[in-house]
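Asker: can't give you the sequence, but here's the structure:
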């Protein structure tokens, strides 16, 4: 067959002016363009006719950001998305812009970013992954959903660099003894270094049974009596009454103590989050005043934690001064009424020949008094903590009584103010006088007297779970509060540390 004839035959089948004829494809393309233009124009009319703003935004911002709601560039940068789902989110420009925008107002530190793999360190920099705005005026940006925490802590090892030691529970998926584990701060014993017995101090008279005479108000200085005096049935206790301490006599709500260990969470300064630190002069001196031998009413006490050379000088001055005015009693004078005789108090003691006997204040007398004070210090302190060197570095060293006991979480005492202290601190209260129970008592130095997670999980649980049987019969301890509360991670934990602080997992 002739090839040229075949080609000519095919060309004759093509309409030469095909480009002048409109087919279905051409017509549908034109109609689609007209329809798209009509929809766009109609939408524009609808948007501007109804106010516009609600259709050009993803929703109102939270009330805390409302002041710059119409200034999108406060948070957003053109062509730099702040969603971690975006393909371009991992660009350095987008990351830097996001963190810079938030840090203008919210000066907070990262969350152990240096221990994370690069992938999770990027998520740590993504503020809006946890704090989602444009959810309405009443949206709480701080109330982060627990699943945001579980995305890392549900399986922690892949989040961390291989060189990071395993210092935390690898899997935390909820709030229960099984899925969370007990509080880490309670597993390592008592970090405090003061020998103190809550059990004894909560006894009537603050003494062990049958070992000493009970403390009465008459034994306290007059200035301290009303502080501890109670008024049962509206009638104030008399000076002959026995002193019985309560938690409120030593513990009061406070904000964050001065964080000497550099571990302070953002938002930690709210009143009630913590208990005010214990101070000797305020909480202990009424019953445990430091003084020279022979102290009587009105004698000025020694300062607490003073250098020993200063203590020695002050004791010598007190002995000589007290001798002159009769404010120091004789050694072993159990009634505390016979003053130490000196020139200024010559009539207080005389011999059979009516001669004045003045007791000489010697270096040995001063040394004996210093040693007596040291012995009293050792009732509460270890020898290494009362040296001049240890006291000189007290501002930089860890406190003898920790400012924070649950160091990895937040406990809000004010929110639990109706609950009886005994519900969480049962070990601090006097038990039955039975000798066997008294012998089995655990000293404060051996255990932190704070209830574990089991005391919390009964109320802090899923809202569809019923109250456990352990809460039956303790309604009075709960102070009339309900037996359900949220178990969200944010209730006890904060993600951010205060800025520019060195933090540790220890």
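Answerer: Now that the structure is in, tell me what you want to look at. All of these numbers come straight from a predicted model, not from anything done at the bench. Residues are numbered from 1 along each chain as shown.
Asker: Contact partners for residue 130?
Answerer: Going by CB atoms under 8 Å, 6 or more residues apart in numbering, residue 130 touches 144, 148, 495. Where you see a C-beta, it was placed from the backbone N, CA and C, and this is true even at glycine.
Asker: pLDDT score for the residue lying closest to the last one once chain neighbours are set aside?
Answerer: Residue nearest to residue 495 in three dimensions, not counting chain neighbours: residue 111, with 5.3 Å by CB to CB, 6 or more residues apart in numbering. pLDDT, residue 111: 84.
Asker: swap in residue 130?
Answerer: As predicted, residue 130 sits at a pLDDT of 86.
Asker: Looking at residue 460 now. What's its pLDDT?
Answerer: Predicted confidence (pLDDT) for residue 460: 93.
Asker: Next, count neighbours for it.
Answerer: 17 (other CB atoms under 10 Å).
Asker: now residue 231
Answerer: Look at residue 231: counted by other CB under 10 Å, it has 8 neighbours.
Asker: got it, and residue 218?
Answerer: The tally of other residues near residue 218 (other CB under 10 Å) stands at 12.
Asker: Three-state assignment for it, please.
Answerer: Under the three-state scheme (DSSP: H, G, I helix; E, B strand; the rest coil), residue 218 adopts helix.
Asker: residues in contact with the closest residue to it other than its chain neighbours?
Answerer: Leaving aside its sequence neighbours, residue 218 sits nearest to residue 239 (CB to CB, 6+ apart; 4.3 Å). By CB under 8 Å, 6+ apart, residue 239 lies in contact with 216-218, 225.
Asker: And the pLDDT for residue 80?
Answerer: The score at residue 80 is 68. That number is its pLDDT.
Asker: Between the two ends of stretch 99-119, what distance do you get?
Answerer: This stretch, stretch 99-119, spans 16 Å end to end (CA to CA, to the nearest Å).
Asker: tell me which residues of that stretch are tucked away?
Answerer: Under the neighbour-count criterion of 16 or more other CB atoms under 10 Å, stretch 99-119 has 101-102, 108-112, 115-116 buried.
Asker: Quick check: the farthest pair among the residues you listed?
Answerer: Taking CB to CB as the measure, those span a maximum distance of 25.1 Å, between 101 and 115.
Asker: picking up where we left off before, quick check: the residue nearest to residue 495 is in a helix.
Answerer: No - under three-state DSSP, residue 111 sits outside any helix and is assigned coil.
Asker: Phi first, then psi, for it.
Answerer: Torsion angles at residue 111 (phi, psi; degrees, to the nearest 10) stand at phi -120, psi 80.
Asker: Is it correct that it is in contact with residue 494?
Answerer: No - the criterion here is CB atoms under 8 Å, and residue 111 misses it with residue 494 at 9.5 Å.
Asker: so where do the strands sit in the stretch 301-450 of the chain?
Answerer: Along the stretch 301-450 of the chain, no stretch is classed among the strands by DSSP state E, counting those that start in this stretch.
Asker: which sections of it are below the confidence cut-off?
Answerer: Scanning the stretch 301-450 of the chain for pLDDT under 70 picks out 326-359, 394-398, 431-443, 445.
Asker: ok, back up a step: and the residue nearest to residue 495, how far from residue 102?
Answerer: Distance, residue 111 to residue 102, using CB to CB, to the nearest Å: 14 Å.
Asker: And for residue 227?
Answerer: Distance from residue 227 to residue 102, by CB to CB: 47 Å.
Asker: So which residue is dead centre in the protein?
Answerer: Central residue of the chain (CA atoms, centre = their mean): residue 410, 4.2 Å from the mean position.
Asker: Let me see the confidence value for the residue lying closest to that residue once chain neighbours are set aside.
Answerer: Counting by CB to CB, 6+ apart, the nearest residue to residue 410 once its immediate chain neighbours are dropped is residue 492, at 5.5 Å. Here, the pLDDT recorded for residue 492 equals 88.
Asker: just the one 3 residues further on next, same as before
Answerer: According to the predicted model, the pLDDT of residue 495 comes to 82.
Asker: For it, what are phi and psi?
Answerer: Backbone torsions for residue 495, taken as degrees, to the nearest 10, come to phi -80, psi -40.
Asker: isn't it right next to residue 146, touching?
Answerer: No - with contact defined as CB under 8 Å, residue 495 does not reach residue 146; the gap is 11.9 Å.
Asker: the helices in the stretch 351-500 of the chain, which residues?
Answerer: Using DSSP state H, counting those that start in this stretch, the helices of the stretch 351-500 of the chain run over 363-377, 388-392, 435-439, 453-457.
Asker: okay, the ones you listed, which one's buried deepest?
Answerer: helix 453-457 (a mean of 17; mean count of other CB atoms under 10 Å).
Asker: Chain neighbours aside, what residue packs nearest to residue 452?
Answerer: Closest residue in space to residue 452, ignoring its immediate chain neighbours: residue 182 at 4.7 Å, by CB to CB, 6+ apart.
Asker: repeat for residue 483
Answerer: residue 467 (4.3 Å).
Asker: and if you look at residue 254?
Answerer: The shortest distance from residue 254 to any non-neighbouring residue, by CB to CB, 6+ apart, is to residue 276 (3.8 Å).
Asker: correct me, but the one you found touches residue 253?
Answerer: Yes - assessed by CB under 8 Å, residue 276 is found in contact with residue 253 at 7.2 Å.
Asker: picking up where we left off before, and the residue nearest to residue 483, how far from residue 322?
Answerer: According to CB to CB, residue 467 stands 62 Å off from residue 322.
Asker: out of these two, which sits in the busier spot?
Answerer: Neighbours per residue (other CB under 10 Å) separate residue 467 from residue 322, with residue 322 holding more: 26 against 13.
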